[in-house]
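> just the structure for this:
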Amino acid sequence: MFRSVRSRRTRALLAVGLSAAALLSACGERPATGDGTSTGVPAAAGEYLDGGVIEYGHEQEPPCIHGGWVQNAYLARQYLDNLVSLDDNGTPVPWLATSWEISPDRKTYTFRLKSDVKFSDGTDLDAAAVKTNFDKYLDPDAPNGTVMAYIGQYYAGGEVIDRNTYALHLKQPYSPLLTVLTQGYFGIQSPAALARGKKANCSQPVGSGPFIIERWDRNRSITFVRNPHYNSAPANAKHQGPAYVDKVIWKFLKDPVLRYGSLTSGSSDVIYNVPAINWADATTRFQTKQYVTPGRPNAITLNVAHAPFDDVRVRQAFAYSADREKAVETAFLGVVPFNSNGALSQSTPDYDPSAGAYVRDPDKANALLDEAGWTSRDDDGVRTKYGRRLTARLVYAADAIVGPEGAAILQNIAYQARDVGFDIELVPATQSEYFGGNYAKPDTYDAYVGYWTSPTPGLLYINWRQRLEDSPNPHNTAYYNDPALQGLIEKANSSADPAEQREFYSQAQKLIGDQALSIGLYTQTTSIAANPKLHDVWVEKSQGEPVFADARFVR
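Now for the predicted structure:
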């Protein structure tokens, strides 16, 4: 049988998914486009207003304003500038760096910076400030874990060439570098502010961006005020110069019903993560956008460090045991796409749709389990081997990584896996448990649910680089150590030939799929709905961060 630590709660979540499916046929749901374009009503016509306050209803509140979670990156876009930005075609374009040069050996990137940019504390944003940031983010004693994961293995050091010229040196070529630097984690902070220490920078980091953090009312909101001196917008912004509005009040509304209700009542002007059950209504009343985030989709990673998933046949049997596509369609009403590939999201460059395409096949699942020696069953119908039940603990961060729809999907998968003899124990962890390391050791879980937003397939290196004693990699949650897999990804990351990169990334995805190491579920998405009288809220390309610097109201 399958079990859950919170059985009543998960039964309720499953009911939500099933009732939502019934609603689908009744409401004539229009699926979102997935490309960030509008799917709702057009922006209202009218005269533009000066100033105003945007009330924005968000979902998750991170432990600190700046950090390595995508929720930190969403915030960073409002108060930090990066060296480069990513346009809608996936091309890095100027931001703080007006231009850059790459050395013939592709190991040095020299950035020429805008000359007149200041942080909101009045200090200069120059090459020395950029160097300080990279040194700080990559400090082995107190790193930004996400920055370290991306470039720590490649970074050789930084150099101030002159006041407005910074050189970043690599140990070896790393083709995704410019694309990686477009993410919010790599925003440039004031060195003077960084020197205040961890506590101050947790609650009030200082950047040069279009907004300044006025205050953080924990568990309620962050208030951003307009930076009147802003002069460093990226090349793909809708306008140059200071933001049009006076403030953005970034409210944390975790409950999806409350969040959507705040939009319909007018207490929010725009919200994030429109509940699937409300998407059809939203498209008839509001401006809506959905962006399918590149990177790794929400997927079930199987821990190969111990039984039962140390056997590839058991992993494959689990992949064949459930109709994941139907489970995703049912829970999300077709609004959020199914992603069979557990290694990369379908919007990621060089995504291979053929990798990991396990379609439900109970006969194959049963044959694989028989072959693996799980031939007996107990009175509950659970398979056994040498007296041990085929039990697996599946850990997920409830309401932080996996919302109600995702929990219903997991419940559905666990129920179907029961038919072939799996006993799946769903373990919904709290946000503090999940990020606090309660389930970080190999013996604390058998399967793990998570995603990783990233604009590059080079992300594979983070998730699948070997986890060795002399070279730890906490992001390899499968504990799968394969030098051949790592070698394929390293070749792709270092190649200058796009066709060669694509081939190596494809081979890596197929190996991950063939070994059933990560079972794909659904894409991570940014969906927003905005009042028609609020124009030009847009979703940036690298991670689906909402951008408010160009937004303005009409009368």
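
> pretty sure Asn231 sits against Gly241.
Yes - look at Asn231 against Gly241 with CB atoms under 8 Å: they come within range, at 6.8 Å. C-beta coordinates here come from the backbone N, C-alpha and C atoms, glycine included.

> OK, contacts around the residue nearest to the spatial centre of the chain?
What sits nearest the mean C-alpha location of the chain, by CA atoms, centre = their mean, is Thr453, with 2.9 Å. Applying CB atoms under 8 Å, 6 or more residues apart in numbering, we find Thr453 in contact with 70, 73, 293-295, 524, 543-544.

> list the beta-bridge partners for it.
Gly295 (DSSP bridges).

> and the gap between it and Pro483?
Distance, Thr453 to Pro483, using CB to CB, to the nearest Å: 27 Å.

> now the phi/psi pair for the nearest residue to Thr384 once chain neighbours are set aside, please.
Counting by CB to CB, 6 or more residues apart in numbering, Ser376 is the residue found nearest to Thr384 once chain neighbours are left out, at 4.6 Å. Per-residue torsions, Ser376: phi -100, psi 160 (degrees, to the nearest 10).

> picking up where we left off before, look up how far Glu55 lies from the residue nearest to the centre of the chain.
Separation of Thr453 from Glu55 (CB to CB): 25 Å.

> please apply the same query to Arg360.
Separation of Arg360 from Glu55 (CB to CB): 44 Å.

> wait, Ala372 sits on Asp310?
No - the pair Ala372 / Asp310 is not scored as a contact, 10.4 Å apart, by CB under 8 Å.

> quick one: which of those two has more around it?
Neighbour count, other CB atoms under 10 Å: between Ala372 and Asp310, Ala372 has more, with 19 against 14.

> tell me which element the residue of the chain most remote from its centre is part of?
For the chain, the largest distance from the centre (CA atoms, centre = their mean) belongs to Asp379, which lies 41.7 Å off. According to DSSP states H and E, Asp379 maps onto no helix or strand at all.

> residues touching it, list them.
Asp379 makes no contacts at all, as judged by CB under 8 Å, 6+ apart.

> quick check: it vs Pro498, distance?
With the distance defined as CB to CB, Asp379 ends up 57 Å from Pro498.

> CA atoms of the host helix or strand of Leu394 as PDB?
Taking DSSP H and E as the definition, one finds Leu394 inside strand 391-397. In PDB, the C-alpha atoms belonging to strand 391-397 read as follows (Å, rounded to 0.1, in the frame of the first residue of the first chain):
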ATOM      1  CA  THR A 391       8.800   0.300   0.500                       C
ATOM      2  CA  ALA A 392      10.200   3.700  -0.600                       C
ATOM      3  CA  ARG A 393      10.100   7.000   1.200                       C
ATOM      4  CA  LEU A 394       9.300   9.900  -1.200                       C
ATOM      5  CA  VAL A 395      10.100  13.300   0.300                       C
ATOM      6  CA  TYR A 396       8.800  16.600  -1.000                       C
ATOM      7  CA  ALA A 397       8.600  20.100   0.300                       C
END
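
> quick one: strands adjacent to that strand?
For strand 391-397, pairing defined by DSSP bridges yields strand 423-429 (parallel), strand 447-453 (parallel).

> mind checking those strands for the one nearest to Gln316?
strand 447-453 (13.9 Å; CB to CB).

> by contact count, what packs against the next helix or strand after the closest one?
Counting by DSSP H and E, the next helix or strand C-terminal to strand 447-453 is helix 459-464. Applying 3 or more CB pairs under 8 Å, 6 or more residues apart in numbering; DSSP states H and E, one finds that helix 459-464 makes contact with strand 295-302, strand 447-453, helix 483-494, helix 498-514.

> which residues sit against the longest one?
Right, the one you point to is helix 498-514. Here helix 498-514 has contacts from 175, 341-344, 350-352, 354-357, 457, 460, 464, 482, 484-485, 488-489, 491-493, 495, 518, using CB under 8 Å, 6+ apart.

> who's in contact with the residue nearest to Pro176 when sequence neighbours are not counted?
Nearest residue to Pro176, sequence neighbours excluded (CB to CB, 6+ apart): Gly458, at 3.6 Å. Counting by CB under 8 Å, 6+ apart, Gly458 makes contact with 150, 174-176, 179-180, 489, 492-493.

> low pLDDT regions in the stretch 201-350 of the chain?
Across the stretch 201-350 of the chain, nothing is flagged by pLDDT under 70.

> likewise the stretch 401-550 of the chain?
Regions of the stretch 401-550 of the chain meeting the criterion pLDDT under 70 are absent.

> circling back to that earlier point, give me the angle between the strand holding Leu394 and strand 295-302.
Put simply, strand 391-397 runs at 150 degrees to strand 295-302, going by axes from the mean of the first three to the mean of the last three CA atoms, to 10 degrees.

> for the following helix or strand past strand 391-397, packing partners?
Using DSSP H and E, the helix or strand that follows strand 391-397 in sequence is helix 404-418. Packing partners of helix 404-418 (3+ CB pairs under 8 Å, 6+ apart): helix 7-27, helix 324-332, strand 391-397, strand 423-429, strand 518-522.

> swap the cut-off to 7 Å and go again
Packed against helix 404-418 by the contact rule (3 or more CB pairs under 7 Å, 6 or more residues apart in numbering; DSSP states H and E) you find helix 7-27, helix 324-332, strand 423-429.

> returning to what we had before: neighbouring contacts of the strand holding Leu394?
Strand 391-397 is contacted by residues 300, 308-309, 402, 410, 422-429, 431, 434, 439, 445-449 when judged by CB atoms under 7 Å, 6 or more residues apart in numbering.

> give me the mean pLDDT for that strand.
What strand 391-397 shows for mean pLDDT is 97.

> buried sites along it?
By 16 or more other CB atoms under 10 Å, the buried positions in strand 391-397 come out as 391-397.

> nearest to Pro143, of those?
Nearest member of these to Pro143, counting by CB to CB, is Ala397, at 22.1 Å.

> give me the distance between the strand holding Leu394 and the centre of its chain.
Between the centre of strand 391-397 and the centre of its chain there are 20 Å (CA atoms, centre = their mean, to the nearest Å).

> could we number from 207 for the rest of this?
All set: I'll call the first residue 207, so the last point we hit is now strand 597-603.

> and the angle for that strand with helix 610-624?
On the basis of the same axes, to 10 degrees, strand 597-603 is oriented at 170 degrees to helix 610-624.

> picking up where we left off before, can you check which of the strands paired with strand 597-603 gets nearest to Ala755?
strand 653-659 (20.4 Å).

> cool, thanks, talk later.
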